[in-house]
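> only geometry, no sequence info:
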């Protein structure tokens, strides 16, 4: 019995260490894109990659920041070829970072896809520490996926998943220049969900006692040099 218990603790420790050492590439490498995908373009990349994201122990959310989304939708210059017959989500992300101007950075719990014009640190002002603590302890059930969703769609979709009200209200002129949200997530806390909205929509966040208020973030990073791709 003592030997069995010892073996159990050894195996548990090894497994725990293996999970702790797992990278986002490992986790997303187990997520198939589905079907025989040979290229990523403005017609398929964002929905295909968001659909492929699954719950895992490393990455809670995959976020296309506005610059990365614009490279597909607005500039129409992002295009990548996939050579694996059964590519994974990790293969897709690596292809984008090698063949386009899109970068990838893991900032736990999110994997951010971005360009140099994106600002990776959102402006967040906390007016109520008590409310912030509650949001950080409450898990949002289920999976969330938003693809090219403007604020008037995002707010009604997510307001029942949060313990605070979302502001602005729909049809507000202040939201007309919010970027569409593009992200998929599993197992977020309510606080992390508010962060994901800010990162994806290029907005600032002010947390009050009863409400979370978003405003457009006017900051911009440097324009990408078009001489070389990030992977070159």
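Happy to help now that I have it. No experiment lies behind these values; they were computed from the predicted model shown.
> can you list the residues that contact stretch 69-79?
Applying CB atoms under 8 Å, 6 or more residues apart in numbering, the set of residues contacting stretch 69-79 from outside is 39-42, 45-46, 68, 96, 99-102, 115, 148, 179-180, 182. Every residue, glycine included, has its C-beta placed from N, CA and C.
> what do you get if the cut-off is 6 Å, keeping everything else the same?
41-42, 45, 100, 102, 182 (CB atoms under 6 Å, 6 or more residues apart in numbering).
> Which helix or which strand is home to the spatially most central residue of the chain?
Central residue of the chain (CA atoms, centre = their mean): residue 63, 2.2 Å from the mean position. Using DSSP states H and E, residue 63 maps to strand 61-64.
> next structured bit after that strand?
helix 66-73.
> can you pull the contacts of residue 151?
Residues counted as contacts of residue 151 (CB under 6 Å, 6+ apart) are 175, 178.
> thinking again about what came up before, how about the contacts of stretch 69-79 in CSV, adding distance to residue 219, neighbour count and secondary structure?
Putting these into CSV (distance: CB to CB, whole Å; neighbours: other CB atoms under 10 Å; DSSP: H, G, I helix; E, B strand; the rest coil) gives the following:
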residue, distance to residue 219, neighbour count, secondary structure
41, 29, 13, coil
42, 26, 16, coil
45, 26, 27, helix
100, 23, 22, coil
102, 19, 28, coil
182, 19, 26, strand
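> Which secondary structure element of the chain has the lowest mean pLDDT?
Within the chain, no helix or strand scores below helix 2-21, which has a mean of 47 by mean pLDDT, DSSP states H and E.
> Next SSE downstream of it?
With elements assigned by DSSP H and E, the helix or strand that comes after helix 2-21 is helix 24-28.
> chain center to that following helix, what's the gap?
14 Å (CA atoms, centre = their mean, to the nearest Å).
> who does that helix touch, helix- and strand-wise?
If you count contacts as 3 or more CB pairs under 6 Å, 6 or more residues apart in numbering; DSSP states H and E, helix 24-28 packs onto helix 89-99.
> quick one: the helix it packs on to chain centroid distance?
15 Å.
> go on, stretch 151-165?
Distance, stretch centre to chain centre, for stretch 151-165: 17 Å (CA atoms, centre = their mean).
> domain parsing for this protein?
2-114, 124-216 (automatic domain parsing).
> among these, which gets the worst mean confidence?
In terms of average pLDDT, domain 2-114 trails the rest of those, at a mean of 87.
> And for residue 141, nearest residue in space, chain neighbours not counted?
residue 161 (7.6 Å; CB to CB, 6 or more residues apart in numbering).
> Is the one you found in contact with residue 140, as I believe?
Yes: counting by CB atoms under 6 Å, residue 140 is a contact partner of residue 161 at 5.0 Å.
> more crowded one of these two?
Applying other CB atoms under 10 Å to residue 161 and residue 140 shows that residue 140 carries more neighbours, namely 21 against 15.
> wait, the more buried one sits on residue 193?
Yes: using CB under 6 Å, residue 140 is in contact with residue 193, at 5.3 Å.
> what about residue 55, which helix or strand?
Going by DSSP H and E, residue 55 is not part of any helix or strand.
> For it, give me its contacts.
Counting by CB under 6 Å, 6+ apart, residue 55 has contacts residue 186.
> how about it, phi and psi?
phi -60, psi 140 (degrees, to the nearest 10).
> first vs last residue of stretch 112-123, how far apart are they?
16 Å (CA to CA, to the nearest Å).
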